[in-house]
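Student: coordinates for the following, if possible.
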Amino acid sequence: MIPAHLDLKLINSFNKDTLMETLGIEFTAFGSDFLEATMPVGKHNHQPMGLLHGGASIALAESIGSLGSALMVDIKKYAVVGLNMQANHLKSVRSGLVTGRGELIHKGRSTHIWDITIRDSEGNTISLCRFTNFIKSIEP
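Tutor: Numbering: from 1, shown residues only. As a prediction, this is how the structure comes out:
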């Protein structure tokens, strides 16, 4: 489970010089088995029709699931790598802020599975994602 002693400042420090920083992703809440983050929607993550790019939604979901798992393991001993992502994009959004909430649904020794729901600022579901991480021992 995600340790309670962490704080959002520390969690957000992992965004520095990454795609998460480029997309404006900010982690906003966490608990023992969930992690939330927001992402602004604008020209920087639109597709040509002026809508939030599905790949940006997937990047938000994978960021939540990957960091959520990384917070649960000793990253000096284990690498957390994405294994599978499934996404259904249900509604479009042109601007504003979207929020993703990832909930851990399976924590095994070598895999973690997360369900991530992305919603717009009015609470409408934009995307539903299921993400699997492989927890790999780092060889000495």
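Student: look up phi and psi at Ile11.
Tutor: phi -60, psi -40 (degrees, to the nearest 10).
Student: state the pLDDT value of it.
Tutor: According to the model's per-residue confidence, Ile11 sits at a pLDDT of 93.
Student: report the contact partners of the nearest residue to it once chain neighbours are set aside.
Tutor: In space, Ile11 comes closest to Phe27 once its chain neighbours are excluded; the distance is 4.7 Å by CB to CB, 6 or more residues apart in numbering. Using the backbone N, CA and C atoms, a C-beta is placed for each residue, glycine as well. Residues counted as contacts of Phe27 (CB atoms under 8 Å, 6 or more residues apart in numbering) are 8, 11-12, 15, 35-37, 64, 67.
Student: return the residues in contact with the nearest residue to Gly102 once chain neighbours are set aside.
Tutor: If you skip the residues right next to it in sequence, Gly102 has Ile64 as its closest partner in space, 3.8 Å away by CB to CB, 6+ apart. Contacts for Ile64 were tallied using CB under 8 Å, 6+ apart; they are 27, 35-37, 100-102, 114, 116, 131.
Student: cool, and Lys77?
Tutor: Applying CB under 8 Å, 6+ apart to Lys77 gives the contacts 137-138.
Student: which positions in stretch 77-87 come out as buried?
Tutor: Of the residues in stretch 77-87, those buried under the neighbour-count criterion (16 or more other CB atoms under 10 Å) are 78, 80, 85, 87.
Student: torsion angles phi and psi at the residue nearest the centre of the chain?
Tutor: The residue lying closest to the centre of the chain (CA atoms, centre = their mean) is Ile64, at 1.8 Å. According to degrees, to the nearest 10, the main-chain angles of Ile64 amount to phi -70, psi -50.
Student: that one and Ile2, how far apart?
Tutor: Noted for Ile64: a distance of 12 Å to Ile2, by CB to CB, to the nearest Å.
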